[in-house]
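Chemist: kindly return the folded structure for what I paste below:
(one chain, ligands or ions: 1)
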Amino acid sequence: MSPAEKCPRTVALSALVDDELVEPARVALDAHVAGCAICASVLAEFRQLRTSFAALPDVAPGVDFASLVERRIAAAADLPKPKLRAERWRWWQVAPAALGGALSLSVGTYLGSALVLGSQVMAQPEALQMAAFTANPPGALCPALQACNPTRR
Ligand SMILES: [Zn+2]
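Modeler: Numbering: from 1, shown residues only. Below is the predicted model:
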C-alpha cells in the first residue's frame, strides 16, 4: 500500500497494533503508515492507548458472574415450558376443500351422464332413418308384432 493509495480503515490499524495481521497485509500497511502522516498519527495514538490499558491494574470483581449466570440458566430450565397446541383441523378449515370436492364430483357425474345419455339420444335418429331399409316396407301388415319391429323385444 503506497502513500498515494487510499488510507486503510482504523480497524486495520488497530489490528496492526494488536499484532493480528498476517505477513503480506502487515508489510503493506507498515509501508503505507511510513509514508502517510494521518495514519502514522492514528497508529501512534492506538499504540499509546494500548500501553495505557496495559498499565491499568487488573480488577477482580467481588462476585463470580459465571456462577450467577449458570444459576439463572438452571432456574429458567426448570420453568414449565409452554405447551404446544396440537395441530387439529377445524371444520371451517376443511369446509372449502369438502365443498370443492363435492362440487367436482357432482360436475363429473353430470358430465359423465350427459356423455352416456347424449350418445343414446344421438343414436336414436339414426336408427329411425335406417328403419326404412328393413325387410318390411313402411305400412306393411305385420303377421306378428315381433316381425315388424325386430330391434325391440
Ligand atoms: Zn494513510
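
Chemist: mind listing what R71 touches?
Modeler: Contact analysis of R71 by Cβ atoms under 8 Å, 6 or more residues apart in numbering lists nothing. To be clear about C-beta, it is placed using only N, CA and C from the backbone, and glycine gets the same treatment.

Chemist: let's number from 31 now, not from 1
Modeler: Right, with 31 as the first residue, what we last looked at is R101.

Chemist: what strand or helix carries it?
Modeler: R101 belongs to helix 95-108 when assigned by DSSP states H and E.

Chemist: what of R80?
Modeler: helix 67-85.

Chemist: check A64 too.
Modeler: Secondary structure (DSSP H and E) places A64 in helix 53-65.

Chemist: likewise C37?
Modeler: Short version, using DSSP H and E: C37 is in no helix or strand.

Chemist: mind listing what the residue nearest to it when sequence neighbours are not counted touches?
Modeler: The spatial neighbour of C37 that comes closest, neighbours along the chain excluded (Cβ to Cβ, 6 or more residues apart in numbering), is C69 at 5.5 Å. By Cβ under 8 Å, 6+ apart, the contact list for C69 reads C37, P38, L43, H62, V63.
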